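*Asks:* next input, structure requested:
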Amino acid sequence: MAIRAVLWDVDDTIFDYARADRAGMSAHLTAEGLAGGDDSVDRALHRWRELTTLHWRRFEAGGVDFLEQRRDRVRDFLEEPGLLGAEADDWFERYVAHYEAAWELFPDALPVLDLLAGEYRHAVLSNSSIHNQDRKLRVLGVRDRFEAVLCAAELGVAKPAREAFHAACAALDLPPQEVAYVGDQPDIDARGAGEAGLRGIWLDRADTGGRPELDRITDLHQLPALLRGDTRFGAPSTFG
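*Replies:* You can find the predicted model right below:
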């Protein structure tokens, strides 16, 4: 069955989240009087990402709502368990201001969205909130490229759960077999989409490899050929 639509992840897929996250954290720590050189920024960022994963899993499990998991992340990062919700919100908003100042699309994102615009419908499925991702896509100038933006916080279910992928397909009024999903995580994105009946495509920008069972590309410029079924160019074939 031919692919008629592409579902997109956002962070580290079309948006250079990792670079913006580091630049934002560095600027934030400096402004808060907590900076101590590149090494301290790397340690802080590593800790922030660990906590992001930990508290997101709590949200996924249904033990805490989206706002409270974010507040707990700040409390743990600052090692201040008694920090009031409003104080945690203020700290996070100051961080976000620095983070947003570093927002950029990957260089290959816009050219490929342009190239695919006439052939496929497009939507977003993200493990975030609509408040975050809708605004991000508008600031980056690409919100109008997507028919729908669906996020885990509002769906109440997150990737790799098949219900999340099926909700996005329902929003497009297409069966999963006619939808491809492109994301940077091999299991959460590509494998999860495949198990939900979509065509899962792993965007492996670091060219780490090691997952021959997955459709894999290392640059979005390889995506059109893969969607069209032409493996002579761009993405390596996963068959045979």
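*Asks:* counting contacts, what elements does the helix or strand of the chain with the lowest mean pLDDT pack onto?
*Replies:* Of all helical and strand segments in the chain, the minimum by mean pLDDT, DSSP states H and E falls on helix 38-60, at a mean of 85. Contact analysis of helix 38-60 by 3 or more Cβ pairs under 8 Å, 6 or more residues apart in numbering; DSSP states H and E lists helix 17-31, helix 66-78, helix 152-155 as its packing neighbours. Where C-beta positions appear, they are placed from N, C-alpha and C, glycine not excepted.
*Asks:* Thr13: neighbour count?
*Replies:* 21 (other Cβ atoms under 10 Å).
*Asks:* show me the contacts for the nearest residue to it once chain neighbours are set aside.
*Replies:* Leaving aside its chain neighbours, Thr13 sits nearest to Asp184 (5.0 Å; criterion: Cβ to Cβ, 6 or more residues apart in numbering). Residues in contact with Asp184 (Cβ atoms under 8 Å, 6 or more residues apart in numbering) are Asp9, Asp11, Asp12, Thr13, Trp202, Leu203, Asp204, Arg205.
*Asks:* may I ask you to confirm that the fourth one is in contact with Val182?
*Replies:* Yes. With the criterion set as Cβ atoms under 8 Å, Thr13 and Val182 qualify as a contacting pair; they are 6.3 Å apart.
*Asks:* shared neighbours, the two?
*Replies:* Counting by Cβ under 8 Å, 6+ apart, the shared contacts of Thr13 and Val182 are Leu203.
*Asks:* quick one: the helices in the protein?
*Replies:* With DSSP state H, the ranges of helices along the chain come out as 17-31, 38-60, 66-78, 85-100, 109-116, 130-139, 152-155, 162-172, 192-195, 223-227.
*Asks:* flag every buried residue along the fifth one.
*Replies:* By neighbour count with 16 or more other Cβ atoms under 10 Å, helix 109-116 contains the buried residues Ala109, Leu110, Val112, Leu113, Leu116.
*Asks:* in CSV, list those along with distance to Leu125 and pLDDT.
*Replies:* Converted to CSV, those look like this (distance: Cβ to Cβ, whole Å; pLDDT from 0 to 100):
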residue, distance to Leu125, pLDDT
Ala109, 16, 98
Leu110, 20, 98
Val112, 18, 98
Leu113, 16, 98
Leu116, 17, 98
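*Asks:* take these and lay them out in JSON lines including distance to Glu79.
*Replies:* Below are the buried residues of helix 109-116 laid out as JSON lines (distance: Cβ to Cβ, whole Å):
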{"residue": "Ala109", "distance to Glu79": "37"}
{"residue": "Leu110", "distance to Glu79": "41"}
{"residue": "Val112", "distance to Glu79": "43"}
{"residue": "Leu113", "distance to Glu79": "42"}
{"residue": "Leu116", "distance to Glu79": "46"}
